[in-house]
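>>> Quick one: sequence and predicted model below, then my questions.
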Amino acid sequence: MAPKSRLDIKDNDLHSALAKLLKSILHQADVAAVLVPLRLPMKNQVMPTLIADPARLDAADPLAPAFPLNGAKLLSRLTRKPTGEKIVAVMRPCEIRAYVELVKLKQGDPDEVILIGLDCLGAYSNTDYARCAGQSGEAVGRTFSRNVLEGRGTAMDGADLAPACRVCEHPIPEGADVVIDLYGMDADHLVLEARSAKGEGLLLGLDLPSTETPAGRVKAVEALLAERTTNLDRMLAETAETVSSLEKLSSYLAGCVNCYNCRVACPVCYCKECVFVTDVFEHEPFQYLRWANRKGALKMPTDTVFYHLTRLAHMSTACVGCGQCSNACPNDVPVMELFRSVAGRTQPAFDYEAGRSLDEAPPLSVFREDEFKEVTGGRD
């Protein structure tokens, strides 16, 4: 059984307890910095921040319903080359799974990282969070987490969880070195679980008392997963019907303006040069006129459906469902729903789940002699 430690909470102040924990971690001799969402003074924004001064951790806000970007790309930048120093990264489950994918794609090295994952309470869209933060100030994170953990729901000030969070079936961290349990916990303490040798070493250095998981946790997690699975099944069925033909897919993506924000925001889309920003798609002026004459009218910009189909072909096996593609879209195209729907078919086809394990090679990167025999009728 994984070692478990008790983190006491005083005066029902979960944020202060987490800040104190992170300060203790940063005081350990072999930890150079902590990467954690920090509440900034500008418009009460919460952004991933690399912190080396323990005093700055008082503003740490990892439970705020703010998810401006997937931190996996940031951690990839911090670990693509060795520094000789250790970083502790506090991340959402989908960020950890995205980082696992990037490591497998040789875009990061976990040797100098200790991953701390918290049960994910979910997040609002960027616009909804900005509105709530403007109304509630720095209290938004505290109010949101208290509401969720005390069973009062996720809605606040007219906002609710982003679509990706409502259908996420991985709210409990996987692949972390230390997991901080939130769901089903007693009000006066949390449980920290070591999931690796690095995690055990970290908890040992904190000298926290050992403990056991409260009996109510299993029931709380099961209820949450049942709700999320129901939401996911409904979303997949609705999306499948909405894009069931090329005409419907074109209509679904009609709002796309080729800004490529979804590509930039995707945590596992790592190519240094995308084919869609090369000369391949720099069409000559006469070609546009020829296409317009042939069809009678030509929607501009062109290649929007082809762009998304290409991304689906490249990325559906690596999609972790974080929803940042939709979060970044200026025209509210439901990109996440499309990607999750396709990923829900391609990943099971390869018996693969993005971010599940560092030991699983990405699809198409290895040859499996017994793969897709249903296509060949069982012949080798």
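Cool, the structure landed.
>>> Only C-alpha atoms from now on, for both contacts and neighbour counts.
Noted.
>>> And the strands in the stretch 151-300 of the chain?
178-181, 189-194 (DSSP state E, counting those that start in this stretch).
>>> I should have written the stretch 1-150 of the chain there, sorry.
In order along the chain, the stretch 1-150 of the chain carries the following strands (DSSP E, counting those that start in this stretch): 4-8, 31-39, 46-51, 86-91, 113-118.
>>> Compare those strands and give me the one nearest Val103.
strand 113-118 (11.7 Å; CA to CA).
>>> low-scoring pLDDT stretches of this structure, where are they?
Per-residue confidence for the chain (pLDDT under 70) gives these ranges: 1, 135-138, 367-380.
>>> can you tell me which residues contact the residue nearest to the spatial centre of it?
Closest to where the C-alpha atoms of the chain average out (CA atoms, centre = their mean) is Cys94, at 3.0 Å. Contact analysis of Cys94 by CA atoms under 8 Å, 6 or more residues apart in numbering lists Asn70, His170, Pro173, Val320, Gly321, Cys322.
>>> Could you do Gln347 as well?
Here Gln347 is in contact with Ser316, Thr317, Glu353, Ala354 (criterion: CA under 8 Å, 6+ apart).
>>> ok, now Lys299?
By CA under 8 Å, 6+ apart, the contact list for Lys299 is empty.
>>> Kindly list the main-chain dihedrals of it?
Dihedral pair for Lys299: phi -70, psi 130, per degrees, to the nearest 10.
>>> Quick check: nearest residue in space to Leu232, chain neighbours excluded?
Val167 (4.6 Å; CA to CA, 6 or more residues apart in numbering).
>>> The one you found contacts Thr229, correct?
Yes: using CA atoms under 8 Å, Val167 is in contact with Thr229, at 6.6 Å.
>>> In terms of neighbours, single out the busier of the two.
A count of neighbours by other CA atoms under 10 Å puts Val167 above the other of Val167 and Thr229, at 24 against 17.
>>> Ramachandran coordinates for that one?
Dihedral angles of Val167 (phi, psi; degrees, to the nearest 10) stand at phi -110, psi 10.
>>> who's in contact with it?
Per CA under 8 Å, 6+ apart, neighbours of Val167: Arg228, Thr229, Asn231, Leu232, Met235.
>>> how close does the residue sitting furthest away from the middle of the chain sit to Thr302?
Farthest-out residue of the chain from its mean C-alpha position, per CA atoms, centre = their mean: Asn293, at 44.5 Å. Computed as CA to CA, to the nearest Å, the Asn293 to Thr302 distance reads 15 Å.
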